[in-house]
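Q: Please work out how this folds:
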Amino acid sequence: MSKILCIGEVNLDVVAIISSDINYGSDTAAKVSTHGGGAGGNVAAWLRIAGAQSHMLARIGKDAAGVAVRSEFDRLGVTYSEIDVHGAPTGIVVVIVDKDGERSMFPDNGANSGLTLADLPELNSFNAAYISGYALLDPKSRPGILQMIGKIKAAGLKIYLDPATVGGMAGVPIAEIRAWINQVHCLLLNEDEAKYLSSTTELELAIADLLQICPTIVIKRGSHGVIAANRGSASISLPAVSAQVIDTTGAGDSFAAGFIAADQAGLDFTQSLGAALTIAAKCVAIVGARPALDAQV
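A: Numbering: from 1, shown residues only. From the prediction side, this is the model:
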């Protein structure tokens, strides 16, 4: 069984499900719950459901929120690094899910900031690494993450990167982000991110452009499925797996986990994409970004 090192962020998500329009300046009835979150943590959790082992490298505060997310990892069988955070709070994200299942997020990064090369565990027990773009976009973590990428590459591990949102990338020159992408083996992103990074409105042109700097491009298209390509090969499109959409939070992270687990297990490219779509369909059918403890695929 492959073991994947997940580098990024861990949060406690406070999710509010709204079944009507929001009454701004007044009250709006909602169903509120708390869940583990953060792209890195979500991928680590879904990797366990997809049949891989995972280890989470993140900074978690020593507070009530930290106790909650550690407990969830323990129950899912995700191992994690214990980093002394010196009083910083665990990251918190408020997630508003509207009546169509679309989510808006309000993050407080908290303890997540500040990962350094010294935090990187020994690599000899890992088969591959996933890196969340949120960590690279954090100026306090960026130097350490870039150093980690160098070490991971030198160790011969395959690196999967999700560059995070267009809004998050807006504060960093595109040329700099493309230089990061040039250091990894597989880029997992959505349509808007692909078009933004390639400065084109045509998806096939975006794929062709990104393949020049990364060997494998996988573009998540939500309800439209996936389009992906390896350098030197034609692109492949697959439709989404049918699901009742309740909450899209974490859908892209679950997709990434499904793809990584299948790819590391030796499935071919099309099979790996199909496995990713199957996991994503499980995610959007539940509230929150993490799998239920008894989830099966």
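Q: Tell me the first helix or strand C-terminal of the helix or strand bottoming out on mean pLDDT in the chain.
A: Comparing every helix and strand of the chain by mean pLDDT, DSSP states H and E singles out strand 103-108 as the least confident one, with a mean of 85. Following strand 103-108 in sequence order, the next helix or strand is strand 128-132 (DSSP states H and E).
Q: what's in contact with that following strand?
A: With contacts defined as CB atoms under 8 Å, 6 or more residues apart in numbering, strand 128-132 is touched by 2, 4-9, 38-40, 43-44, 145, 148-149, 152, 157-162, 164, 184, 256-257, 260, 264. Any C-beta I mention is one placed from the backbone N, CA and C, and that applies to glycine too.
Q: so what strands line up beside that strand?
A: Using DSSP bridges, the strands paired with strand 128-132 are strand 3-7 (parallel), strand 158-162 (parallel).
Q: how distant is it from the center of its chain?
A: Distance, stretch centre to chain centre, for strand 128-132: 9 Å (CA atoms, centre = their mean, to the nearest Å).
Q: What is the subsequent helix or strand relative to that strand?
A: Per DSSP H and E, the first helix or strand lying C-terminal to strand 128-132 is helix 133-137.
Q: Would you mark the buried spots in the helix or strand following that next one?
A: Where DSSP H and E defines the elements, the next helix or strand beyond helix 133-137 is helix 142-154. Under the neighbour-count criterion of 16 or more other CB atoms under 10 Å, helix 142-154 has Arg142, Gly144, Ile145, Met148, Ile149, Ile152 buried.
Q: how near is Pro215 to Gln183?
A: Note on Pro215: its distance to Gln183, by CB to CB, to the nearest Å, is 12 Å.
Q: Next: Ile17.
A: Ile17 is 39 Å from Gln183, where distance means CB to CB.
Q: ok, Ile96 - contacts?
A: So Ile96 contacts Ala16, Ile18, Ile22, Arg103, Ser104, Met105, Phe106 (CB under 8 Å, 6+ apart).
Q: rerun at 7 Å
A: Ala16, Ile18, Arg103, Ser104 (CB atoms under 7 Å, 6 or more residues apart in numbering).
Q: Show me the beta-bridge partners of the second one.
A: This points to Ile18. Ala30.
Q: Am I right that it is in contact with Asp100?
A: No - the pair Ile18 / Asp100 is not scored as a contact, 10.0 Å apart, by CB atoms under 7 Å.
Q: And these two? Which one has more around it.
A: Under the neighbour definition other CB atoms under 10 Å, Ile18 and Asp100 were set side by side, and Ile18 has more, 15 against 8.
Q: contacting residues around the longest helix along the chain?
A: In the chain, with assignment by DSSP state H, the single longest helix is helix 269-284. With contacts defined as CB under 7 Å, 6+ apart, helix 269-284 is touched by 46, 50, 225-226, 228, 230, 236, 238, 240-241, 243, 245-248, 250-251, 254-255, 257-259, 262-263, 267, 295, 297.
Q: same thing but 6 Å
A: 46, 50, 226, 228, 236, 238, 240-241, 243, 245, 248, 250-251, 254-255, 258-259, 262-263, 297 (CB atoms under 6 Å, 6 or more residues apart in numbering).
Q: got the CA coordinates for the least confident helix or strand of the chain in CSV?
A: Below are the C-alpha coordinates for strand 103-108, written out as CSV (Å, rounded to 0.1, in the frame of the first residue of the first chain):
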residue,chain,number,x,y,z
ARG,A,103,-19.8,27.1,-1.1
SER,A,104,-18.1,30.4,-0.1
MET,A,105,-15.2,30.3,2.3
PHE,A,106,-13.9,32.7,4.9
PRO,A,107,-10.5,31.4,6.1
ASP,A,108,-8.3,32.4,9.1
